[in-house]
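# curious how this folds, go ahead:
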Amino acid sequence: YKPSDQELTERVHEEIIKATGQRDRGVRKSQLHNLNHTEMPGVLIEPLFMSNPGEEKLMRDPVFQQKLVDGLVRGLEKYQLGRVKEND
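This next block holds a predicted model:
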């Protein structure tokens, strides 16, 4: 990721882990064209893997899906609030 992606990545990662209770697999850097060739910060999340039967079952669970969305939204909100405070 680009340096501008780091804070966004940290906020989203932290909130998704809190919201879902999933094992923290950490954050990894990767040379992804769609993230590295943009002006704005970006993040790619892979919260579960369909190759894992237990995780595939979670993917289909509407309650888990909502937890994932809630964590993602809270992470985005925390990131945005941090940027607003920096500009004050």
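# tell me which helix or strand of this protein sits lowest on mean pLDDT?
None of the helices or strands of the chain scores lower by mean pLDDT, DSSP states H and E than helix 33-36, at a mean of 78.
# that one: which residues count as buried?
Applying a neighbour-count criterion of 16 or more other CB atoms under 10 Å, one finds residue 35 buried in helix 33-36. Yep, even glycine has a C-beta here, placed from its N, CA and C like the rest.
# can you give me the strands for the protein?
Assigned strands in the chain: none (criterion: DSSP state E).
# show me what the lengthiest helix in it packs onto, helices and strands only.
When the chain is parsed with DSSP state H, its longest helix is helix 62-87. With contacts defined as 3 or more CB pairs under 8 Å, 6 or more residues apart in numbering; DSSP states H and E, the packing partners of helix 62-87 are helix 6-20.
# just list what the helix it packs on packs against, helices and strands only.
If contacts are counted by 3+ CB pairs under 8 Å, 6+ apart, helix 6-20 sits against helix 62-87.
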